[in-house]
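Participant: predicted model and sequence below, questions to follow.
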Amino acid sequence: QVRLVESGGGLVPAGVSLRLSCAITGHSLSSYAMGWFRQAPGKEREFVAAISRSGARTYYGDSVKGRFTISRDNALNMINLQMDSLKPEDTAVYSCAAGSTDLYLSRREVYDYWGQGTQVTVSS
């Protein structure tokens, strides 16, 4: 059974960096395209970033483009989300997701597995 576990969230002041990680167990990471989504209280889940199965292609939501970087290490079965220049509006629960296609990675429905999420709170 595939399981995703996020880590690295926390409470930080605006302007600093934070790195989230997502470990996959139960199957090889190389089989999956991976994505990060976030959800703030009272808001819909928002696409943050995604990376193709090979790692050759990455995609970002407009609100994080230029500040966040997604990467993967298939040998470690882990992906990371480097978040720089954090803003209070980045506050949300961040979840990673795994899907078996490299298409339409900004869409929630293409992902088959989801983690429980990790809270990121950015204070002003």
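Facilitator: Yep, it's here.
Participant: for the rest of this, base every contact and every neighbour count on C-alpha atoms.
Facilitator: Fine.
Participant: would you map the strands across the protein?
Facilitator: Ranges of strands in the chain, per DSSP state E, are 3-7, 10-13, 18-25, 33-39, 46-51, 58-60, 68-73, 78-83, 92-99, 113-114, 118-123.
Participant: got CSV for the ones you listed, with mean pLDDT and mean neighbour count too?
Facilitator: What follows is the strands of the chain, written out as CSV (pLDDT from 0 to 100; neighbours: other Cα atoms under 10 Å):
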stretch, mean pLDDT, mean neighbour count
strand 3-7, 97, 18
strand 10-13, 98, 14
strand 18-25, 97, 19
strand 33-39, 98, 25
strand 46-51, 98, 24
strand 58-60, 98, 19
strand 68-73, 97, 20
strand 78-83, 98, 20
strand 92-99, 98, 24
strand 113-114, 98, 19
strand 118-123, 98, 20
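Participant: out of those strands, flag the one nearest residue 107.
Facilitator: Minimum separation from residue 107 across these (Cα to Cα) falls at strand 46-51, 7.3 Å.
Participant: contacts for that closest one, please.
Facilitator: Outside strand 46-51, the residues within contact range by Cα atoms under 8 Å, 6 or more residues apart in numbering are 33-39, 57-61, 63-64, 68-72, 105-108.
Participant: what residues are bridge-paired with residue 18?
Facilitator: Counting by DSSP bridges, residue 18 is bridged to residue 83.
Participant: and for residue 11?
Facilitator: residue 121.
Participant: so what's it up against?
Facilitator: Counting by Cα under 8 Å, 6+ apart, residue 11 touches 120-123.
Participant: so it versus residue 50, what's the distance?
Facilitator: Using Cα to Cα, to the nearest Å, residue 11 is found at 24 Å from residue 50.
Participant: with residue 93 instead?
Facilitator: When distance is defined by Cα to Cα, residue 93 is 16 Å away from residue 50.
Participant: and for residue 14, the neighbour number?
Facilitator: Residue 14: 17 surrounding residues under other Cα atoms under 10 Å.
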